[in-house]
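>>> Any chance you could fold what I've pasted below:
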Amino acid sequence: MDRSSGTAPEVSPAGDAASGRRLALDVHERLRAMILNGELAPGSVVPQAEMARRLGVSRTPMREAFRLLQEEGLISSRPDQRARVRTVDAEDVDELFGARIMLETLAVKVTTSTLTTEDLDRMEAALQRMRALSGGEDVDAWHAAHKEFHRIPTQAVGEHLERMLASLAEQSERYVRLGQLGLPGSCSRSDEGHEALLAALRAKDPALAARVLAGHFARGALGLLADIAPEYEPRATRTGLATVVGGLGV
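A predicted model of the protein is given here:
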């Protein structure tokens with residue numbers, strides 16, 4: 001996705017000099033953008049052959065793109081069924097953010113003491129971009145800045161945990177977007193959490209940074225769940241929060 005313009009990239013046509021892998025990634029980014037912006041609605045069928053024709057590519061890169069989307073939790077597909085855009089599932093939201101609370105707070109604790117002034121200034125710059133873009137039309141640029149903000153305070157972890165965190169962040173983006181649509185003022189409340197996290201990191205306080213981050217994720221998850229499934233009991237999110245903050249509320 002072209003993060004600077006907020007638009008999805010054009011897919012290279014079949015037969016272009018780009019490698020098959022690059023073409024598959026282009027297709028993946030285009031389909032991912034269509035799902036995140038609602039062009040492909042939750043529950044809708046996504047036929048591989050039709051999408052390949054629509055994007056002007058062969059079935060091979062399309063299959064790889066579908067595999068990546070399935071790994072990200074954006075589509076569901078079985079050998080005997082057509083692929084569908086996954087619906088918004090309360091249990092999925094709960095478990096995803098419960099896992100993110102546990103793993104990302106671990107990563108922040110590992111990273112806090114290693115952060116330099118330059119790292120913290122980059123976080124501040126990302127936060128300023130988020131503020132400038134908040135409420136505007138360039139939603140993709142906001143999410144690019146948001147991703148950068150959250151990546152820096154976890155950057156000291158090893159490759160295995162880094163991959164897990166990246167996967168959770170990718171899967172979370174869809175729900176962050178839904179939360180922004182359904183909860184007016186969520187960006188402002190999110191800014192407060194980001195500011196508190198940055199302050200804790202500047203103070204070199206890993207325990208405080210972890211508590212702030214856990215509360216930040218929990219507020220987002222619980223707000224979305226209250227909106228889409230008020231009867232659902234978010235055990236994973238609440239358990240993750242209690243584990244990190246010692247039973248304190250949000």
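>>> all helices of the protein, in order?
20-36, 48-55, 59-71, 90-111, 117-133, 139-151, 159-182, 186-202, 206-228, 235-245 (DSSP state H).
>>> for the fourth one, packing partners?
Taking 3 or more C-beta pairs under 8 Å, 6 or more residues apart in numbering; DSSP states H and E as the contact definition, the neighbouring helices and strands of helix 90-111 are helix 159-182, helix 206-228, helix 235-245. C-beta: built from backbone N, CA, C; applies to glycine.
>>> Run through the residues that contact Thr60.
Thr60 makes contacts with 20, 24, as judged by C-beta atoms under 8 Å, 6 or more residues apart in numbering.
>>> returning to what we had before: want to throw the helices of the chain into JSON lines with mean pLDDT and distance to Arg78?
Converted to JSON lines, those look like this (pLDDT from 0 to 100; distance: least, C-beta to C-beta, whole Å):
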{"stretch": "helix 20-36", "mean pLDDT": "87", "distance to Arg78": "18"}
{"stretch": "helix 48-55", "mean pLDDT": "89", "distance to Arg78": "13"}
{"stretch": "helix 59-71", "mean pLDDT": "88", "distance to Arg78": "10"}
{"stretch": "helix 90-111", "mean pLDDT": "96", "distance to Arg78": "17"}
{"stretch": "helix 117-133", "mean pLDDT": "95", "distance to Arg78": "38"}
{"stretch": "helix 139-151", "mean pLDDT": "92", "distance to Arg78": "30"}
{"stretch": "helix 159-182", "mean pLDDT": "85", "distance to Arg78": "19"}
{"stretch": "helix 186-202", "mean pLDDT": "84", "distance to Arg78": "34"}
{"stretch": "helix 206-228", "mean pLDDT": "94", "distance to Arg78": "25"}
{"stretch": "helix 235-245", "mean pLDDT": "96", "distance to Arg78": "25"}
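>>> got a pLDDT number for Ala41?
With respect to pLDDT, Ala41 scores 84.
>>> List the beta-bridge partners for the nearest residue to it once chain neighbours are set aside.
Using C-beta to C-beta, 6 or more residues apart in numbering and skipping residues adjacent in sequence, the residue nearest Ala41 is Val85, 6.5 Å away. Following DSSP bridges, Val85 is listed with bridge partners Ile75.
>>> Next up, the contacts around Val85.
Val85 neighbours (C-beta under 8 Å, 6+ apart): 35, 40-44, 46, 74-75.
>>> Top of the residues you listed by number of neighbours, please.
Neighbour counts for these, by other C-beta atoms under 10 Å, peak at Leu74, which reaches 25 neighbours.
>>> what's the neighbour count on Glu50?
Residues near Glu50, counting by other C-beta under 10 Å: 11.
>>> Identify the residue nearest Leu96 in space, chain neighbours excluded?
Residue nearest to Leu96 in three dimensions, not counting chain neighbours: Gln171, with 5.7 Å by C-beta to C-beta, 6+ apart.
>>> these two touch, right, the one you found and Ile75?
No. Contact between Gln171 and Ile75 fails when scored by C-beta atoms under 8 Å: they sit 11.9 Å apart.
>>> correct me, but Arg177 touches His143?
Yes. Counting by C-beta under 8 Å, Arg177 touches His143, with 7.4 Å between them.
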